[in-house]
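# Dropping a prediction and its sequence here:
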Amino acid sequence: MKRKIELSYFKLWFAMPALLLCFIISCSKKLDINVPEPVPNFWDTTGNEITSNLNYDVVVYGGTPAGIMAAIEVSKSGKSVILLNSSEGALGGMITNGLGNTDVLRPQTIGGLSRQFFRRIKEYYLRPENWFAMNSSQYNFFGLSTDIMTRFEPRAAQFVIKDLIQENHIPVIHNDRLKWDQGVVKTGSNIEYIIMESGKKIKGKMFIDASYEGDLMAKAGVSYTVGREGSAKYGERWNGIVRQSNLNNNQLPLGIKKFGKAIVYPILAANGTGDNKIQAYCYRMCLTDVPENKIDFPKPEGYDEEDYTILFEYLNNYKNIRFFDLSMMPNRKTDSNNSGPFSTDYVGENYNYPEATYGERAEIRAKHKRYQQGLMWTLANHPKIPERIRKDTQRWGLAKDEFPDNGHWPYQLYIREARRMIGSYVIVENNSLGKVTTEYSVGFGDYAMDSHIVQRFIDENGNIQNEGNVMVNPPSPYKIDYRAILPKEKECTNLLVPVCLSASHIAYGSLRMEPVFMTLGQASACIAILAIAQGKTIQEINYDDLKQVMIEREMVF
């Protein structure tokens with residue numbers, strides 16, 4: 001590891017948000033500001049023309065941060081690359097769509113292209129013209145004594161991503177997807193080319209599936225799983241069904257028995273039992289309390305108050321927990337995530353998403369958007385909501401300068417977990433807890449094993465309860481084995497999978513952070529380039545060769 005990890009950052013990270021929020025709220029008076037224009041033409045960004053023969057050294061599927069870092073690495077290495085930004089997701093994935101409160105506990109674990117991205121974010125905020133509702137001295141996270149900044153507005157990430165794609169001359173195909181049936185053509189265990197819905201045949205020596213869904217991986221015949229393993233499978237404590245105490249802030253209080261249209265299951269099996277359910281999804285909203293930049297929460301078409309029956313019942317025994325996060329970003333905007341037992345996560349409505357057809361996924365995304373917009377409108381306007389909660393919610397609204405072409409709503413649904421490869425090596429709970437280590441590291445995991453609520457059920461006394469929420473902190477950063485991004489050799493020899501990597505459900509809960517995905521995206525590209533140069537399969541690459549490349553790239557491993 002090239003940089004010493006300082007635990008003081010861990011303490012600072014958790015000490016500041018409350019102080020910052022108090023400061024922001026205290027200065028909410030009306031300001032004389034000019035709301036900036038959106039980053040021009042971001043969603044169509046490309047860095048080069050598409051070649052007519054569609055034949056590249058490396059084909060990267062998925063315009064996520066991992067995919068973008070992979071494409072940059074290939075380009076910097078002098079090889080040809082194309083980035084396929086599937087219409088399943090938005091360019092830049094979560095970091096350009098509201099996830100600005102990056103889950104980085106220790107900045108020293110970030111290196112390589114990932115660190116360059118966050119360094120450019122800091123440089124963006126060094127420019128006074130990029131502050132319009134406050135200045136840099138009023139934002140505590142700007143003043144940390146480091147060269148990077150890990151809290152930012154969506155527009156800041158869009159600005160940086162656009163520059164990186166254009167500077168590195170990366171050709172991008174937008175709004176095209178892998179053909180659902182027979183879209184991957186292989187010779188033995190080697191992918192020859194893929195076919196897009198448009199009919200384009202894209203050839204490559206190496207392929208990287210950097211999508212959140214793992215479609216290329218699945219269609220290439222690589223083994224994968226969806227859902228939670230039973231805890232006995234890998235000797236884990238926190239996998240499978242996990243009931244929470246009613247003292248848990250994410251658990252509903254006892255006494256709620258009506259649920260309207262919500263998905264609620266009968267009494268559950270024992271703790272540790274596996275299933276095919278996945279943790280809930282939501283959109284990471286970018287909110288603001290600056291009147292000049294605020295749009296009131298809209299009431300969505302198709303609104304149905306039956307979706308919020310549990311909410312109305314919960315208010316009879318309210319825990320006084322916020323219904324959405326207010327993690328403050330620059331310019332008095334937020335990264336607003338799920339918070340508490342009833343919030344923006346649409347529990348139970350995403351189970352089919354990983355394996356769903358493109359059309360079915362679009363319907364699932366639309367339902368999530370309708371539910372979440374309806375929740376915000378309800379909290380701000382519904383007469384069943386106590387006045388103090390309505391007034392508190394009304395102070396916030398959607399940021400006018402973000403996502404103006406999408407009703408100021410993020411494009412990307414937060415796919416916290418979809419398919420997970422069963423590859424050459426499976427990362428499990430004991431890896432995250434530091435009980436198992438590796439000599440073949442390509443980066444560090446540095447976040448809690450974090451699973452959101454998976455399902456709601458009716459307990460023995462008829463109470464509706466939440467299940468699946470876990471938050472277990474590793475004792476220290478842990479090494480990520482590079483074999484977890486490699487399929488089994490018999491299944492595919494020229495495909496790398498940095499996002500839907502090989503990990504158990506609970507270990508993936510720690511790995512599923514964008515800085516980790518960015519690191520693994522770059523590592524995937526390094527392996528692909530070595531395999532091309534040496535005429536080998538990705539499984540045949542010598543780790544010492546990879547290690548040398550990572551040292552040259554200033555990666556932290």
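Received it, and whenever you're ready, just let me know what you need. Residues are numbered from 1 along each chain as shown.
# in this structure, what residue sits furthest out from the centroid?
Each residue of the chain has a distance to the centre, and by Cα atoms, centre = their mean the biggest one is for Asn461: 36.5 Å.
# What strand or helix carries it?
In this structure, Asn461 is located outside every helix and strand according to DSSP states H and E.
# same deal with Asp392?
Of the helices and strands defined by DSSP H and E, Asp392 is found in helix 387-394.
# Mind giving me the packing neighbours of that helix?
The criterion is 3 or more Cβ pairs under 8 Å, 6 or more residues apart in numbering; DSSP states H and E, and the helices and strands that helix 387-394 contacts are helix 358-381. C-beta coordinates here come from the backbone N, C-alpha and C atoms, glycine included.
# List the buried residues in the helix it packs on.
Judged by neighbour count (16 or more other Cβ atoms under 10 Å), helix 358-381 contains these buried residues: 361, 364-365, 368-380.
# Equivalent analysis for stretch 126-138, please.
Of the residues in stretch 126-138, those with enough neighbours to count as buried (16+ other Cβ under 10 Å) are Asn130, Trp131, Phe132, Ala133, Met134, Gln138.
# The most centrally placed residue in the chain in helix, strand or coil?
Closest residue to the average C-alpha location of the chain: Met94 at 5.2 Å, with Cα atoms, centre = their mean. Applying DSSP: H, G, I helix; E, B strand; the rest coil to Met94 yields a three-state assignment of helix.
# do Leu398 as well
Secondary structure of Leu398, reduced to three states by three-state DSSP: strand.
# hang on, it packs against Met285?
Yes - with contacts defined as Cβ atoms under 8 Å, Leu398 counts as touching Met285 at a distance of 7.1 Å.
# okay, and the common contacts of those two?
Common contact partners of Leu398 and Met285 (Cβ atoms under 8 Å, 6 or more residues apart in numbering): Trp409.
# Which residues in stretch 534-551 does the neighbour count mark as buried?
Thr537, Ile538, Gln539, Ile541, Tyr543, Leu546, Lys547, Val549, Met550.
# So what touches it?
With Cβ under 8 Å, 6+ apart, stretch 534-551 has contacts from 2, 112, 206, 424, 439-440, 442, 482, 486, 489, 493-496, 523, 526-531, 557.
# In this protein, which strand is the longest?
The longest strand of the chain (DSSP state E) is strand 201-209.
# Can you spell out which helices and strands pack onto that one?
Counting by 3+ Cβ pairs under 8 Å, 6+ apart, the packing neighbours recorded for strand 201-209 are strand 55-61, strand 81-85, strand 190-195, helix 215-219, strand 495-496, helix 514-534.
# how does it look with 10 Å?
Contacts defined by 3 or more Cβ pairs under 10 Å, 6 or more residues apart in numbering; DSSP states H and E place strand 201-209 against strand 55-61, helix 65-76, strand 81-85, strand 184-187, strand 190-195, helix 215-219, strand 495-496, helix 514-534.
# Can I get the second one as CSV, trimmed to CA atoms?
The C-alpha coordinates for helix 65-76 follow below in CSV (Å, rounded to 0.1, in the frame of the first residue of the first chain):
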residue,chain,number,x,y,z
PRO,A,65,-17.7,5.2,-13.3
ALA,A,66,-16.0,1.8,-13.5
GLY,A,67,-16.5,1.7,-17.3
ILE,A,68,-15.2,5.2,-17.7
MET,A,69,-12.1,4.6,-15.7
ALA,A,70,-11.5,1.4,-17.6
ALA,A,71,-11.8,3.2,-21.0
ILE,A,72,-9.5,6.0,-19.8
GLU,A,73,-6.8,3.4,-18.8
VAL,A,74,-7.1,1.7,-22.2
SER,A,75,-6.8,4.9,-24.0
LYS,A,76,-3.8,6.1,-22.0
